[in-house]
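A.B. asks: Compute the structure for the input listed below.
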Amino acid sequence: MRAGPRNAITDVAGLRVGSASDARLRSGVTVLVGDAPFVAGVNVMGGAPGTRETDLLAPDKTVQEVDALVLSGGSAFGLDAASGVMDGLRRAGRGFRVVDQLVPIVPGAILFDLRNGGDKNWDVNPYGALGRAALDAAGLDVACGSVGAGTGATVMDLKGGLGTASCVLENGVTVGALVAVNALGRVCDDAGRFFAAPWALGEDLGDAPGHLPPDWEPFGESGPREATTIAIVATDAALTQAQATRLATAAQDGMARAIQPSHTPMDGDLIFAAATGARDLADPVWDTLRLGHAAAGCLTRAIARGVRAAEPGGLLPAWSERFG
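C.D. replies: Residues are numbered from 1 along each chain as shown. You can find the predicted model right below:
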């Protein structure tokens, strides 16, 4: 297993990512869009999720493919980001045809960043416009750190951020991850050593090793608060909606490796899975197992990369300020 050429979810051919940020708001939106509709699934492990259109991702539902997936800040207000994405896709002639109408299918999830010091006193919900801007910016390059849905993200004692990673399996299948890290828990120990380090590939984390000291305390002095880490894992394999759901489920292990604790009652931790269908699986059982393992690894790496790339500024220090 090796990292893809961009070490980004866009190493999965046919997928693009766009982000839009508002520095005054200290929030933003990130969109994953396909060149064509793609199969998607979802798994929710956190106790406080905020979602849009996730019920239709169940394998027994009529619509089997989506046009885009949205990760947004803004708590429940951020769900409106999907409306801006829908507007842009509809204008481009994309969507599920219902008689003479096109309805873009755009599931989304949000994280809680309302208490990060940004100006939240808007008269008009800004997230629809941010969603449209993120869609318009979609391309192959994916920035990490304080951008898009990771703009105002935090973890327990540091700034969070947007992260991505990818890998190519021995059979040629590509897997990638995209994540907005905004966790109640921690991602590194008191020396700045990432819990994700044992799963790093290449230059994922530079020279930052991983270690978990015996006196580690998950909440420190701050105590628990609202949070949520939201992510997408993707592959170019041909998967059914049920298999995509299983991929999202397996990827939750990657979140638990990198963030401690994960999936708490105050987190809305959620993972979407996307499959473009370009490559058939030779062995649906064992290849699905390998895909899940790879997705978990990519997500672990993406979480650490997002936090490591966060820029200084805000209520909490960036990793680079404290440990860089």
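A.B. asks: can you pull the buried residues of the longest strand along the chain?
C.D. replies: When the chain is parsed with DSSP state E, its longest strand is strand 27-44. By 16 or more other Cβ atoms under 10 Å, the buried positions in strand 27-44 come out as 27-34, 37-44. C-beta: built from backbone N, CA, C; applies to glycine.
A.B. asks: gap between it and the chain center?
C.D. replies: 9 Å (Cα atoms, centre = their mean, to the nearest Å).
A.B. asks: helices and strands around the helix or strand that that strand is followed by, which ones?
C.D. replies: Using DSSP states H and E, the next helix or strand after strand 27-44 towards the C-terminus is strand 51-52. Helices and strands touching strand 51-52, by 3 or more Cβ pairs under 8 Å, 6 or more residues apart in numbering; DSSP states H and E, are strand 108-110.
A.B. asks: which SS state does residue 116 fall under?
C.D. replies: Under the three-state scheme (DSSP: H, G, I helix; E, B strand; the rest coil), residue 116 adopts coil.
A.B. asks: Could you verify my assumption that it touches residue 146?
C.D. replies: No - the criterion here is Cβ atoms under 8 Å, and residue 116 misses it with residue 146 at 11.0 Å.
A.B. asks: the more surrounded of those two?
C.D. replies: Applying other Cβ atoms under 10 Å to residue 116 and residue 146 shows that residue 146 carries more neighbours, namely 25 against 21.
A.B. asks: ok, now which ones touch the more buried one?
C.D. replies: 21, 152, 159, 161, 162, 309, 310, 311, 313, 318 (Cβ atoms under 8 Å, 6 or more residues apart in numbering).
A.B. asks: now the helices: where do they sit in the stretch 151-300 of the chain?
C.D. replies: Ranges of helices within the stretch 151-300 of the chain are 241-258, 284-308, based on DSSP state H, counting those that start in this stretch.
A.B. asks: Distance check, residue 298 against residue 127.
C.D. replies: According to Cβ to Cβ, to the nearest Å, residue 298 stands 27 Å off from residue 127.
A.B. asks: Likewise for residue 324?
C.D. replies: On the measure of Cβ to Cβ, residue 324 and residue 127 end up 32 Å apart.
A.B. asks: In terms of packing, which of the two has more residues around it?
C.D. replies: A count of neighbours by other Cβ under 10 Å puts residue 127 above the other of residue 324 and residue 127, at 32 against 11.
A.B. asks: Isn't that one up against residue 71?
C.D. replies: No - counting by Cβ under 8 Å, residue 127 does not reach residue 71; the two are 11.6 Å apart.
A.B. asks: what sits in contact with each of the two?
C.D. replies: Residues touching both residue 127 and residue 71 (Cβ under 8 Å, 6+ apart) are residue 29.
A.B. asks: Among the contacts of residue 146, which one sits closest to residue 244?
C.D. replies: residue 162 (22.2 Å; Cβ to Cβ).
A.B. asks: still on that earlier bit, pLDDT of the longest strand of the chain, averaged?
C.D. replies: Averaged across strand 27-44, pLDDT comes to 97.
A.B. asks: Each with direction, which strands does it pair with?
C.D. replies: strand 15-22 (antiparallel), strand 65-72 (antiparallel), strand 270-279 (antiparallel) (DSSP bridges).
A.B. asks: and residue 182, what does it touch?
C.D. replies: Residue 182 is in contact with 73, 111-113, 150, 153-155, 160, 227-230, counting by Cβ under 8 Å, 6+ apart.
A.B. asks: before we move on, back to that, for the helices of the stretch 151-300 of the chain, which one sits closest to residue 105?
C.D. replies: Nearest of the helices of the stretch 151-300 of the chain (Cβ to Cβ): helix 241-258, 12.4 Å.
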